[in-house]
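Trainee: sequence and predicted model, in that order:
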2 protein chains.
Amino acid sequence: MLSITIRQLEYAVAVAQAGGVTLAAERLHVSQPALSVALSTLEAQIGKPLFLRRPGGPIAVTSFGRGFLDEAERILSDLARLTADPPASMAPVALGCFEDLAPMILAPLIARAGAARPVIAITPHICGFEALAADLAQGRIEMAISYDLGFDSSVERQEIARLAPHAVMAADHPLAARSTLLLADLVGEPLVLADQGLSIAHMRALFTRAGLSPDIAWRAHSLEMMRSFAANRLGVGLTYTRPASDHSYDGRPLVTRPIRDAGADEPIVLARNAANPPSATAEALAALLPQIALLPSSVLIPR
Amino acid sequence: MLSITIRQLEYAVAVAQAGGVTLAAERLHVSQPALSVALSTLEAQIGKPLFLRRPGGPIAVTSFGRGFLDEAERILSDLARLTADPPASMAPVALGCFEDLAPMILAPLIARAGAARPVIAITPHICGFEALAADLAQGRIEMAISYDLGFDSSVERQEIARLAPHAVMAADHPLAARSTLLLADLVGEPLVLADQGLSIAHMRALFTRAGLSPDIAWRAHSLEMMRSFAANRLGVGLTYTRPASDHSYDGRPLVTRPIRDAGADEPIVLARNAANPPSATAEALAALLPQIALLPSSVLIPR
DNA sequence: TTCAGGCCATAGCTAAATGCTATCCATCAC
DNA sequence: GTGATGGATAGCATTTAGCTATGGCCTGAA
């Protein structure tokens, strides 16, 4: 535990620069005795004299004091910098990404950020929605790219893309013949939804807002589970995320059809904790995002 | 003027390392509220939050806080070094040298010091005795090589050589026929002494201790003035310093004869201000001095 | 020599900062 | 719900820092 204070060092440096206690006291706008006792205390704590005292004459710096005060001055300027202009290093930004979006978005984003000058380094955290929200709240990630599946009010959101929902079904499903669908087309169909965050409540609300009533037959743990259910004719999958593949993990053919109801499209947001001031790297990344086409145009909704 | 304190920084760093206020408080042996208020105060002074607070949960570092605290930790370690092991730079040592000795001693000394590893840099100050004493007292020089012509008790002395006094006289002076002299041989001779420091009192004391009474005819301002007086047969010069030349500045021949009385020889000392702790360079120079033959053997007294 | 002025140290007091105990509030686990 | 955990707040006591007044020592001028 250090017992010396910044003020003591400032005083000692000032006295050395002024060449005397009285003049330094004037410059520092403190009394001469205040400086005198501060110097004595500091020297006692260090255990060596910093100044030579000659009765009746001005004090002079000892040779030890010269080295000590030079170093002290350097440290004081570091401290001044620390408080004046906050350190703006380009340390990697911890970026969360919703797991369903990550395979489509993250790799190109990291590549583009790495090509920027100065380089924007990214440490990705890929996880489900709940974990994203918790990581944001606890500062483990600084920003997250996700659907807004129920972030609380402490989270700032910035829309960076907007996706239409898609229906996923077996290739021989009757609706597969249509190139686009409407929510009304799905009424009566058994639906398969991914069980992530508020997405089920969100999907249900879509139908409710349109005055429709969905038949949610299955809750799937993951996106690929949902696609597999749909490929096996257990129902019609519903998702905002559309992987490029047209087969499920178990090898069955799938078709994906956009749902074009107005207001059904869902924004992808850059989410940040409002209580966590952004680092320089984070600000650079946020500024870069609008210049990047995050998704293939086939899955973006027309503006 | 900085208003943040070292303690605040230590507390903030400790909280970040501990991952929570309560644990950090235990480690620091302070109460949890003390830490809590210290953090709040520091954040208010900086103007930005360093920590994310979630009611009921532990606090986490903001991204800004991460950079700030990393830098703070670095500065704290600098401060710890400053107080623990005093800075030991090999900055040049300000070395005073009595002006009569300087022409014989200083150049070889500087050369030897510069050849040492690590290099011992010397900034020489050549002046008379009074000025040497004043410079020592005021820290303008850290050490001085001189005769001890009356340093006060605040000056530490370390003998580094010892010289016999020499009589200086015109080449045709009767005493010039002798190869060595005794003080008694000089009784009755008009003497010429250099007027430096206590050297006159010192020379007089030499005679008095031997029960003799000197005849001090002249006080010369400098060594060369004294030699010139002697060469011009105004008296016999008396000095501890023997320039190699056998002519005075005005071109007259001189002879120099050692005085071999026991106890008449005079030490050359390394003088330091006891109140001024030596720098690393000064200590290195003091350690080097005994290994150097400061003077040609012809002027050294036999041991 | 003496006296005025400059420089620093000390003493005593006051005010501010710092820390502690006790308590409160919110969340989380059961 | 209830207790446990983690942090914030309030009130009080102690320590610390600064100020005024004063004293000692030296220097330079009368």
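Mentor: Received, thanks.

Trainee: just give the number of residues close to residue A:212.
Mentor: 16 (other C-beta atoms under 10 Å in any protein chain shown). Quick note: C-beta positions are derived from backbone N, CA and C, even for glycine.

Trainee: an error on my part: the question was meant for residue A:214.
Mentor: Neighbours around residue A:214, by other C-beta under 10 Å: 22.

Trainee: with residue A:105 instead?
Mentor: When neighbours are defined as other C-beta under 10 Å, residue A:105 has 20 of them.

Trainee: same question for residue A:213.
Mentor: 10.

Trainee: wait, doesn't it sit right on residue A:188?
Mentor: No - in this structure residue A:213 lies outside contact range of residue A:188 using C-beta atoms under 8 Å: 9.3 Å.

Trainee: how close does the residue of the stretch 201-303 of chain A found nearest chain B sit to residue B:76?
Mentor: Evaluated by C-beta to the nearest C-beta, the stretch 201-303 of chain A has residue A:279 as its residue closest to chain B, separated by 4.1 Å. Relative to residue B:76, residue A:279 is positioned 22 Å away (C-beta to C-beta, to the nearest Å).

Trainee: okay, those two: which has more neighbours?
Mentor: Per other C-beta under 10 Å, whichever of residue A:279 and residue B:76 has more neighbours is residue A:279, with 26 against 17.

Trainee: which residue sits closest to that one, ignoring its sequence neighbours?
Mentor: Once flanking residues are discounted, residue A:279 sits nearest to residue B:63: 4.1 Å by C-beta to C-beta, 6 or more residues apart in numbering or on different chains.

Trainee: quick one: the helices in chain A?
Mentor: Applying DSSP state H to chain A gives helices spanning A:6-18, A:21-28, A:32-46, A:63-84, A:102-115, A:129-137, A:183-186, A:199-209, A:223-231, A:280-288.

Trainee: and the second one, what does it pack against?
Mentor: Read it as helix A:21-28. With contacts taken as 3 or more C-beta pairs under 8 Å, 6 or more residues apart in numbering or on different chains; DSSP states H and E, helix A:21-28 sits against helix A:6-18, helix A:32-46.

Trainee: what residues does residue A:60 make contact with?
Mentor: By C-beta atoms under 8 Å, 6 or more residues apart in numbering or on different chains, residue A:60 lies in contact with A:51, A:52, A:54, B:138, B:139, B:140.

Trainee: for the spatially most central residue of chain A, name its beta-bridge partners.
Mentor: For chain A, residue A:143 is the residue whose C-alpha lies nearest the centre (C-alpha atoms, centre = their mean; 1.7 Å). Note on residue A:143: beta-bridge partners by DSSP bridges are residue A:95, residue A:272.

Trainee: what's the closest non-adjacent residue to residue A:245?
Mentor: Excluding its sequence neighbours, the residue lying closest to residue A:245 (C-beta to C-beta, 6+ apart) is residue A:254, at 7.9 Å.

Trainee: chain B contacts on the stretch 101-250 of chain A?
Mentor: Residues of the stretch 101-250 of chain A lying close to chain B (C-beta under 8 Å from any C-beta of the partner chain) are A:137, A:138, A:139, A:140, A:142.

Trainee: ok, 6 Å please
Mentor: Counting by C-beta under 6 Å from any C-beta of the partner chain, the stretch 101-250 of chain A comes close to chain B at A:137, A:138, A:139, A:142.

Trainee: residue contacts, the second one?
Mentor: Under the criterion of C-beta atoms under 6 Å, 6 or more residues apart in numbering or on different chains, the contact partners of residue A:138 comprise residue B:60.

Trainee: go on, the one 3 residues further on?
Mentor: When contacts are counted by C-beta under 6 Å, 6+ apart, residue A:141 is found next to A:94, A:96, A:125, A:135.

Trainee: does the third one touch residue A:96 like I think?
Mentor: Yes - between residue A:125 and residue A:96 there is a contact under C-beta atoms under 6 Å: 4.6 Å.

Trainee: show the buried residues in the contacts of residue A:60.
Mentor: Buried by 16 or more other C-beta atoms under 10 Å in any protein chain shown: A:51, A:52, B:138, B:139, out of the contacts of residue A:60.

Trainee: dump those residues to JSON lines, plus pLDDT.
Mentor: Below are the buried ones among the contacts of residue A:60 laid out as JSON lines (pLDDT from 0 to 100):
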{"residue": "A:51", "pLDDT": "85"}
{"residue": "A:52", "pLDDT": "83"}
{"residue": "B:138", "pLDDT": "79"}
{"residue": "B:139", "pLDDT": "80"}
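
Trainee: of those residues, which pair is most distant in space?
Mentor: Farthest pair in those (C-beta to C-beta) is A:51 and B:138. Separation: 10.9 Å.

Trainee: residue in chain A nearest to DNA strand D?
Mentor: The nearest approach of chain A to DNA strand D comes at residue A:56, 2.4 Å away (C-beta to the nearest atom of the strand).

Trainee: wait, doesn't the residue nearest to residue A:279 sit right on residue A:143?
Mentor: No - Residue B:63 is beyond contact range of residue A:143, at 9.2 Å (criterion: C-beta under 6 Å).

Trainee: quick one: pLDDT of the residue nearest to residue A:78 when sequence neighbours are not counted?
Mentor: Closest residue in space to residue A:78, ignoring its immediate chain neighbours: residue B:75 at 5.2 Å, by C-beta to C-beta, 6+ apart. Turning to residue B:75, the model gives it a pLDDT of 91.

Trainee: tell me how chain A divides into domains.
Mentor: As given by automatic domain parsing, the domain ranges for chain A are A:6-84, A:93-162+A:266-296, A:165-258.

Trainee: let me have these in CSV, adding distance to residue B:45 as columns.
Mentor: Formatted as CSV, the domains of chain A follow (distance: least, C-beta to C-beta, whole Å):
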stretch, distance to residue B:45
domain A:6-84, 8
domain A:93-162+A:266-296, 15
domain A:165-258, 39
